[in-house]
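1. Fold the following, please.
(chains A and B)
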There are 2 protein chains.
Amino acid sequence: MIDPRVASGLRDIPPSVMIPRERMLATFRQTFASFGYVPIETPHIERMEVLTGKGAGSDEVLRQIFEVINKGGEAGKLALRFDLTVPLARFVAKHINELGTPFKRYAIGSVFRGERPAKGRFREFAQCDFDTVGTDSVVADAETAQVIYAALSSAGVPPFTITLNNRKILDGLLDALGVADKTGPVLRSLDKLAKAGREKVLAELQRGEEGSTEGVLTADQAQQVLDFVEQGRGRAEVLSRVEERLGSHPRAAEGIANLRQILDLLDAAGLPETSLQLDLGLARGLDYYTGVVFETTVNGWERFGSISSGGRYDNLASLFIDRRLPGVGASIGLDRLLALLEESGSLRGTSTTVPILVVNFPGVAPSIPVKLAARLRRAGVGAEVFPESIQVGKQMGYGSTRGHKFAVIVGPDEAEKEVFNLRDLATRQEQKAIAIAALESTVKQALGVGA
Amino acid sequence: MIDPRVASGLRDIPPSVMIPRERMLATFRQTFASFGYVPIETPHIERMEVLTGKGAGSDEVLRQIFEVINKGGEAGKLALRFDLTVPLARFVAKHINELGTPFKRYAIGSVFRGERPAKGRFREFAQCDFDTVGTDSVVADAETAQVIYAALSSAGVPPFTITLNNRKILDGLLDALGVADKTGPVLRSLDKLAKAGREKVLAELQRGEEGSTEGVLTADQAQQVLDFVEQGRGRAEVLSRVEERLGSHPRAAEGIANLRQILDLLDAAGLPETSLQLDLGLARGLDYYTGVVFETTVNGWERFGSISSGGRYDNLASLFIDRRLPGVGASIGLDRLLALLEESGSLRGTSTTVPILVVNFPGVAPSIPVKLAARLRRAGVGAEVFPESIQVGKQMGYGSTRGHKFAVIVGPDEAEKEVFNLRDLATRQEQKAIAIAALESTVKQALGVGA
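-> Below you'll find the model as predicted:
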């Protein structure tokens, strides 16, 4: 016998998790599509060169790469993708002439990273990305936040907050302080503010990141940076203070104007003001963001981190094509979101996709339950027939364990009289001897769906 | 610059193919769910031992396996799955105690085979499988054909035929001819009948398959086998002839009874008789089928081969668990089906997911188109705003190239008067100066959807 375990760091996803997951993905696809984003798919396997090109992935991600070798093939040539952004860049570089710009795409799929296995962290996980490529327009910036808002709202996520910032403001601040060359390490340190707290970040800003040998900022500069980014999150308040401090710095002024326009457009689109905030400390460490950046947290569940993040980048595909392709996009962290919803009790636990179990009564021709279930499905009600005519109690046990709501029961007596019984599998109450002709209407009424 | 090509035998799927593909997958998921099949997901990466266990895959499939190596990991330990059946067997062996039986699951995902690249054949392709595990019931056999019928009908596939047979009948015939030990090669030869024709199969049945050193059947036996399997496909006709010839052979009689019951149940479920046929020559070479087998072809497009196939197996997970788990299931060949629909002209060519383009008119505040598009989406109509306020003709070109139906246009004059123009992007006709208040109702009427 072979041990049926999965490889280290991987997992099977059981029906009880897959059912809400599929429902959520359907909602996301529908939302992306309603804004005109089109789906694409790229292979799970990419050429190694594409994945390891300069700047494609961080050193950490490249250390975690899964190599792929075809039987008889050469080593070092192929690997599994570690995100959906590098494949997007390659796709766009290859196809942009046929596609034209702006190109708005979404992609949903598995990515692979050989991280050290840990609770809730897997070596294969799903990403849901959407991007608008080939435009610098602020309309696309605002739309990114609109899509995050629409996707999460439609999926029934509890109240959440989208946090915005613009990297140009931080760039302007560091430039004004005369440390424009320190942007990278400063942004990475600022990203730790929520988790590590002011004191630790203050120390790191001066000492440099772990392993670095030179300091980054003076004590005074570090203080100024932290004072600046920690000045509250109300939009009017933040914007006016930034304008006061950095309004005359051209790059910072661009960043402020961009945020103002985004907020105006989001008002026009009907996003509630309470679902948006500004945070000058939001940096999104990734080097390639150059304008607006986004993060999204569920109110009261901030410790789960961001469930949807993104931002504007200046040049997506410079590794592959000699044409500037700016863009903006975001990613929804499907698995983190599901984990949060499960822990917050917002997931309805169910292991079935149908509300109705049609009992296969011993001594009754199976064509009878098969016919009734087919009628219910044609009326738009999911229904399954228990395949074996075993003891009726066991069949109902199957239904009540999995979360079926009602059982339709036709025993020999009922078959003869052309009636059925409808049993509520939760309360165990039973309506008896209903005419078969009234099957669809009775079941729909019991389920509370339109007849 | 890095060449943005995909690796040999792999492909990017562009929006024009992905849009109908996603629509089709949504229909399949909905159909599987309406019968009570639940979704599961297993990793793309499995332990090598699981994939190469005796009988897991054919020698050919095993030669085509893609090995996976984690940085610093050992070679020969991991590989990409080549189908969804072996992972199902492993999953069931691992989880069957929590899941209980019958276990009805569907799974949709990529599988990987390092085949020689050829037109329309790729090294990564999607499979859509559904199976009922843990029951011998004929109700589950019939349901498999029901699901094929419902999924393909709902997806708008042109008229098709589901062909059924039962392996026990062929087993009985070969046993009656005294060549029960030749079942494997005989079934594999019979599978070639439609493509190679009677004479070639007749020769192969006697000579043995290519590379084999001993003959299989005598000329008379080969003749009898072909006469038997080629006796028409009408159900009454086929069943009565089989009964005449093999009715007294116990295994063949079981096969006949099974087919009769399946046909009765499919009648009860409302499947049209014209969509079903029997074919005693249908063998489905795979060794593990032991009862009913299915194939499905689109009428007039038989040369594309089967778009949905499957059958009953006696023991799914014997590699992994010491418990008999019989089952029945089928797989829909998504990519083959899409290729057929494209070639038969049944796919509506479109590269957009929304019917409405809202023009971003130069000189008009972008908050106006953003607001109108948001209103349309809230009314259930997909709408996208062109992100840049470039020349209006270019914006409309974006829409008409991609297949948007209408453009909503608000220029400076319209903005002032609170009206909009609605332009049909195909006919170029324009309704002018409609009150903004009537936006949703006008657009819905133009699209012919309920207001």
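
2. Please make it C-alpha for all contacts and neighbour counts, starting now.
-> Will do.

3. The residue of the stretch 301-450 of chain A found nearest chain B: neighbouring residues, count only.
-> Minimum separation of the stretch 301-450 of chain A from chain B (C-alpha to the nearest C-alpha) falls at A:Gly382, amounting to 4.1 Å. Here the number of neighbours of A:Gly382 (other C-alpha atoms under 10 Å in any protein chain shown) works out to 23.

4. for the one 10 residues further on, same thing?
-> Counted with other C-alpha under 10 Å, the neighbours of A:Val392 add up to 17.

5. Give the full set of residues in contact with it.
-> By C-alpha atoms under 8 Å, 6 or more residues apart in numbering or on different chains, the contact list for A:Val392 reads A:359-362.

6. again, but for A:Asp131
-> Each residue near A:Asp131 by C-alpha under 8 Å, 6+ apart is listed here: A:37, A:104-106, A:144, A:327-330.

7. what do you get for A:Arg348?
-> Under the criterion of C-alpha under 8 Å, 6+ apart, the neighbours of A:Arg348 are A:Pro20.

8. And it, which helix or strand is it part of?
-> Using DSSP states H and E, A:Arg348 is not contained in any helix or strand.

9. mind checking how far it is from A:Ala374?
-> Going from A:Arg348 to A:Ala374 by C-alpha to C-alpha, to the nearest Å gives 27 Å.

10. now do A:Gln445
-> Using C-alpha to C-alpha, we find A:Gln445 at a distance of 18 Å from A:Ala374.

11. Looking at those two, which is more packed in?
-> Between A:Gln445 and A:Ala374, counting by other C-alpha under 10 Å, A:Ala374 is the more crowded of the two (25 against 11).

12. if we can go back for a sec, compare the contacts of A:Val392 and tell me which is most surrounded.
-> Ranking the contacts of A:Val392 using other C-alpha under 10 Å puts A:Val359 first, with 29 neighbours.

13. list the contacts for that residue?
-> Taking C-alpha under 8 Å, 6+ apart as the criterion, A:Val359 is in contact with A:369, A:385-386, A:389, A:392, A:395-396, A:407-410.

14. For the most centrally placed residue in chain A, list each beta-bridge partner.
-> When chain A is reduced to its mean C-alpha position, the nearest residue by C-alpha atoms, centre = their mean turns out to be A:Ile332, at 2.3 Å. A:Ile332 has these beta-bridge partners by DSSP bridges: A:Cys128, A:Ser308.

15. where's the residue in the stretch 101-250 of chain A that chain B sits nearest to, which helix or strand?
-> Distance from chain B to each residue of the stretch 101-250 of chain A (C-alpha to the nearest C-alpha) is smallest for A:Val139, at 5.3 Å. With the criterion set as DSSP H and E, the secondary-structure element containing A:Val139 is helix A:138-154.

16. okay, the angle between the next helix-or-strand element following that helix and helix A:138-154?
-> Proceeding C-terminally, helix A:138-154 gives way to strand A:160-166 as the next helix or strand, assigned by DSSP H and E. Note on geometry: by axes from the mean of the first three to the mean of the last three C-alpha atoms, to 10 degrees, strand A:160-166 and helix A:138-154 are set 160 degrees apart in direction.

17. Show me which residues of the stretch 251-400 of chain A sit near chain B.
-> Applying C-alpha under 8 Å from any C-alpha of the partner chain, we find that the stretch 251-400 of chain A lies next to chain B at A:264-265, A:268-270, A:318-322, A:351-354, A:366-368, A:370-371, A:374-375, A:377, A:381-384, A:387-388.

18. Out of the residues you listed, which sit inside helices?
-> Using DSSP state H, the members of those that fall within helices are A:264-265, A:268, A:367-368, A:370-371, A:374-375, A:377.

19. quick one: which of those residues is most hemmed in?
-> Using other C-alpha under 10 Å as the neighbour test, these are led by A:Val370, with 27 neighbours.

20. My read is that it contacts B:Leu271, right?
-> No. At 11.6 Å, A:Val370 and B:Leu271 do not qualify as touching, with contact defined as C-alpha atoms under 8 Å.

21. Could you check what's spatially nearest to A:Ser318, not counting adjacent residues?
-> With sequence-adjacent residues excluded and distances taken as C-alpha to C-alpha, 6 or more residues apart in numbering or on different chains, A:Ser318 is closest to A:Arg324, at 7.0 Å.

22. my bad, A:Ile162
-> Here the nearest residue to A:Ile162 in space, its sequence neighbours aside, is A:Thr296; by C-alpha to C-alpha, 6+ apart that works out to 4.4 Å.

23. which residues does that neighbour contact?
-> By C-alpha under 8 Å, 6+ apart, the residues touching A:Thr296 are A:160-163, A:306-309.

24. Could you rerun that using 10 Å?
-> For A:Thr296, the set of contacting residues under the criterion of C-alpha atoms under 10 Å, 6 or more residues apart in numbering or on different chains consists of A:145, A:148-149, A:152, A:160-164, A:275-277, A:302, A:305-310, A:332.
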